[in-house]
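**Q** just coords:
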């Protein structure tokens with residue numbers, strides 16, 4: 001057999017290194033499934049057991065009609081407000097004031113709902129004022145604090 005024979009062709013080339021296949025040893029431990037599965041934690045995908053009152057549900061419907069929001073925006077608002085029953089009235093009033101002058105109420109509502117979820121929603125306090133940047137003065141629709 002010459003240098004170019006069958007034995008030379010089966011050897012690995014620098015561009016194709018010879019790597020053995022990965023085989024799981026039979027002695028490797030198997031993954032264990034926990035005997036008891038934890039109860040799911042409430043999240044926005046898994047809302048709390050609480051329900052909105054009939055009046056709160058009606059207020060969301062009126063809000064939806066007032067700003068001409070679609071059913072997707074309405075459902076998102078309902079989902080978020082389920083978590084905010086303690087501050088429902090104040091939150092709805094603040095959202096109403098904020099959306100009154102919005103060019104695109106549905107988009108701004110989406111931003112405000114995300115702020116609620118992240119815990120950064122402020123109940124009507126002017127973010128520009130807090131940073132010392134508000135130039136609207138008395139015409140500002142947000143509160144400038146005490």
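**A** Yes, it's here. Since we're looking at a predicted model, the values are computed, not measured.
**Q** quick one: the strands in this structure?
**A** Assigned by DSSP state E, the chain shows no strands.
**Q** the bottom helix or strand of it by mean pLDDT?
**A** Within the chain, confidence by mean pLDDT, DSSP states H and E is lowest for helix 6-10 among all helices and strands, at a mean of 51.
**Q** tell me where the chain is predicted with low confidence.
**A** Within the chain, the stretches with pLDDT under 70 are 1-50, 123-124, 145-146.
**Q** and for residue 116, the neighbour number?
**A** By the measure other C-beta atoms under 10 Å, the count of residues near residue 116 is 19. (Each C-beta comes from the backbone N, C-alpha and C, glycine too.)
**Q** and it, what does it touch?
**A** Contact analysis of residue 116 by C-beta atoms under 8 Å, 6 or more residues apart in numbering lists 80, 83-84, 91.
**Q** then residue 67?
**A** Neighbouring residues of residue 67 by C-beta under 8 Å, 6+ apart: 99, 105-106, 109.
**Q** tell me which of those residues is nearest to residue 137?
**A** Using C-beta to C-beta, residue 99 comes nearest to residue 137 of these, at 21.6 Å.
**Q** if I look at the spatially closest residue to that closest one that is not a sequence neighbour, how far off is residue 113?
**A** Nearest non-adjacent residue to residue 99, counting by C-beta to C-beta, 6 or more residues apart in numbering: residue 105, 4.4 Å away. With the distance defined as C-beta to C-beta, to the nearest Å, residue 105 ends up 12 Å from residue 113.
**Q** cool, residue 52 as well?
**A** Distance from residue 52 to residue 113, counting by C-beta to C-beta: 15 Å.
**Q** with neighbour numbers in mind, choose between these two.
**A** Taking other C-beta under 10 Å, residue 52 and residue 113 do not tie; residue 113 has more neighbours (19 against 15).
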